[in-house]
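1. A structural model of the following input is requested.
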Amino acid sequence: MKITRSASGLFGLAMLFGLADGGFAQGPPEVRRARPIDEPPVARAIPFEEPPAPVTRRSTDEFSESGARESEAPDRRQLDYANALFTRKLYDLAIPEYQKYLDDYSGRSGRANAYFSIGECYRNLNRPSSARTNFQKVLSDYGDSEFAGPAAYALAEMAFTQKDYAAALPLFHRSATKSKESAVALSARYFEARCLEILGRKDEAADIYQEVGEAGNPNPYREDARLTAASILIGRGRKIDALKQYEALSNETQKPALKAEAAVRGGMIALDLVQADKGKIDKTMVDRATSLLQKGRSLPEAGRFRAIAQVGLRRLQYQSGQYAQLLADYKKEQGKLPEAAQAEVMLLAANGERQLGHADKAEELYRQIIGKYPDREEAKEAAYQRLINIYSSDPAALLAEAEEFLKTNPTGERADQVKLLKAEALYKQQNYIEAVPIYAELRASQLSPKLRAESAYKLGLCYVQTKNSAEIVEAFTYYIQTFPDNLQVPAALAQRALAYEQDKNYNAALSDLNLIITKYPSAHEREAALQLK
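-> Below is the predicted model:
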């Protein structure tokens, strides 16, 4: 009976023994993944779940067959005998037989096999230094052999176990490129990504995790690779790529709980992407978010992700302007929501009532949130949104309510937003004199650039109403210099030109009019500028 031994077969046995007896594959590290607070970790994939089937080798008893012994060359008989001892886990006996082969048969094709096998024997005998020496011999002297990939993997996993990730990284990479066995190459690629991740080279890690996730079956690393890739991609702001990973995982996995988690996580990312550039709603992203969130919510094994999906769907309805549907679903599901989700969904419902012009119903819901959840962030947000509701429905009542709100010591940005509401209410009441100092104060505010620009422009308009030419010029000059790319710049130039004209500063007025004509040809102020000129 002819006996052969391949790198894949031997390595498969080595991996199988490793799984049974301990070592690198035993006790896999925890999955590093984004998860809700208090969610228990999920065990990571082991280095090699399904080792390749070993090539059949002759047992020691078979060597009594004199016919076989006579037909085989002496070097092959010696190597086969050593292999048979290895197969029976007689590592201490196999080592001298492999060494005898190396000593007696120089230049033969089985030398890479022998060195690799000696390394595996020493590793199983817990003699890592000797194991490393022999694995390194394979890489140094037989780098193009079929044993180079498995030897690199063996050295890499030893370094990984010792948390020497910098040393393990190039070895896993070499194993991935040299291994002819696809399962070994895939495992090496996965752990190459893990080393990169641990070493802080997360962009490179994410790219490899995505490759591993796309690899065909059998693929024991797909789920963890996709989860980890998605987590890294989110942290890098690559939300579209992260969404693709979660979508794929929600379709591929056969684990219902993981399917629900991936669908909901993907749906929440899609929800973040619904608001496209310039405030437009991305209808395609709305559909993706809806599909994923509904999918996650519907699974019986969704667990805590069901509530997240329910809140996400209500947010989606609000962001996409589906206020009536939001309110209908809120009333239908209100009693079914977990307590932790009640406050946020109630706030969305209150905002929906406000958007539909139902000021009284919105007021009632805002007061309920403030009273029922006084220590929650939703209560603080409800107090602010209530002021917006009052501003829209009863501006005269806003000033006193705003003062009461400011007494609660809100954050700097929130306080500035309330001050802006006060100024806007005064402007709406044509009380320009009292609005002026508030708008002026907001120049140094923590408002967003858009709101700061709006308040600076309104300050100029207040001075227009009070007919103070010098202040008009100063206010609009500040606006033009501070917000040169704002859409209201042509209007600000026109107002400043009129103020210059009133002060008989005709050259300055002409300069502003010419600027409107030449720089803003599509602005509607251009026609007026041509007439004034």
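
2. Low-confidence ranges, this protein, go.
-> 1-71, 276-278, 532-533 (pLDDT under 70).

3. For Gln488, which non-adjacent residue is spatially closest?
-> Once flanking residues are discounted, Gln488 sits nearest to Tyr457: 5.2 Å by C-beta to C-beta, 6 or more residues apart in numbering. The C-beta positions use only the backbone N, C-alpha and C, and glycine is treated the same way.

4. List the residues that contact the one you found.
-> 479, 486, 488, 491-492 (C-beta atoms under 8 Å, 6 or more residues apart in numbering).

5. same thing with Glu97?
-> 78, 81-82, 85.

6. how about 10 Å then?
-> With contact taken as C-beta atoms under 10 Å, 6 or more residues apart in numbering, Glu97 is in contact with 78-86, 90, 114, 117-118.

7. And Gly119, by the same measure?
-> 14, 98, 127-128, 130-138, 147, 150-151, 154-155, 158.

8. Give me the secondary structure label for it.
-> Here Gly119 takes the helix state, with states given by DSSP: H, G, I helix; E, B strand; the rest coil.

9. ok, and the closest non-adjacent residue to it?
-> According to C-beta to C-beta, 6+ apart, the nearest residue to Gly119 is Asn134 (3.6 Å).

10. Please report the distance of the one you found from Glu72.
-> As judged by C-beta to C-beta, to the nearest Å, Asn134 and Glu72 stand 25 Å apart.

11. Of these two, give the one with the bigger neighbour count.
-> Asn134 (22 against 17; other C-beta atoms under 10 Å).

12. if I look at the residue nearest to Lys428 when sequence neighbours are not counted, how far off is Ala382?
-> Spatially, and ignoring its direct neighbours in sequence, Lys428 is nearest to Pro395 (5.0 Å; C-beta to C-beta, 6+ apart). Distance, Pro395 to Ala382, by C-beta to C-beta: 20 Å.

13. Show the contacting residues for Met285.
-> Applying C-beta under 10 Å, 6+ apart, the residues contacting Met285 are 240, 243, 269-276, 316, 320.

14. Mark which of those are buried, thanks.
-> 243, 269-271, 273-274, 316, 320 (16 or more other C-beta atoms under 10 Å).

15. want to try JSON lines for the residues you listed, with distance to Leu442 and secondary structure as columns?
-> Below are the buried ones among the contacts of Met285 laid out as JSON lines (distance: C-beta to C-beta, whole Å; DSSP: H, G, I helix; E, B strand; the rest coil):
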{"residue": "Leu243", "distance to Leu442": "38", "secondary structure": "helix"}
{"residue": "Ile269", "distance to Leu442": "34", "secondary structure": "helix"}
{"residue": "Ala270", "distance to Leu442": "35", "secondary structure": "helix"}
{"residue": "Leu271", "distance to Leu442": "31", "secondary structure": "helix"}
{"residue": "Leu273", "distance to Leu442": "31", "secondary structure": "coil"}
{"residue": "Val274", "distance to Leu442": "30", "secondary structure": "coil"}
{"residue": "Leu316", "distance to Leu442": "33", "secondary structure": "helix"}
{"residue": "Ser320", "distance to Leu442": "31", "secondary structure": "coil"}
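
16. Of all pairs in the residues you listed, which one is the farthest apart?
-> Leu243 and Ser320 (17.2 Å; C-beta to C-beta).

17. thinking again about what came up before, give me the more crowded residue out of Pro395 and Ala382.
-> Ala382 (26 against 17).

18. tally of neighbours for the residue lying closest to that one once chain neighbours are set aside?
-> Leaving aside its sequence neighbours, Ala382 sits nearest to Ile369 (C-beta to C-beta, 6+ apart; 4.0 Å). Other residues near Ile369 come to 25 when the count uses other C-beta under 10 Å.

19. need the contact list for the residue nearest the centre of the chain.
-> In the chain, the centroid-proximal residue (C-alpha atoms, centre = their mean) is Ile234; its distance is 1.7 Å. Contact analysis of Ile234 by C-beta under 10 Å, 6+ apart lists 34, 206, 241-243, 245-246, 265, 269, 272.

20. out of those residues, which one sits closest to Glu401?
-> Taking C-beta to C-beta as the measure, Glu401 lies nearest Asp272 of those, at 32.1 Å.

21. so who does that closest one touch?
-> Counted by C-beta under 10 Å, 6+ apart, Asp272 has contacts 234, 239, 243, 285, 289, 315, 319.

22. one more time with 8 Å, if that's ok
-> Asp272 neighbours (C-beta under 8 Å, 6+ apart): Lys239.

23. Surely the residue nearest to Ala382 and Glu377 touch.
-> No: counting by C-beta atoms under 8 Å, Ile369 does not reach Glu377; the two are 10.7 Å apart.

24. Asn409: how many residues sit nearby?
-> Burial of Asn409 is recorded as 8 neighbouring residues (other C-beta under 10 Å).

25. Any figure for the gap between it and Lys372?
-> For Asn409 relative to Lys372 (C-beta to C-beta), the value is 22 Å.

26. again with Lys332
-> Per C-beta to C-beta, Lys332 is found 20 Å from Lys372.

27. which residues does the residue nearest to Gly460 when sequence neighbours are not counted contact?
-> Spatial nearest neighbour of Gly460, chain neighbours left out: Ala475 (3.8 Å); criterion: C-beta to C-beta, 6+ apart. For Ala475, the contact set (C-beta under 8 Å, 6+ apart) comprises 456, 459-460, 463.

28. now do 10 Å
-> Contacts of Ala475 (C-beta under 10 Å, 6+ apart): 436, 439-440, 443, 456-464, 468, 492, 495-496, 499.
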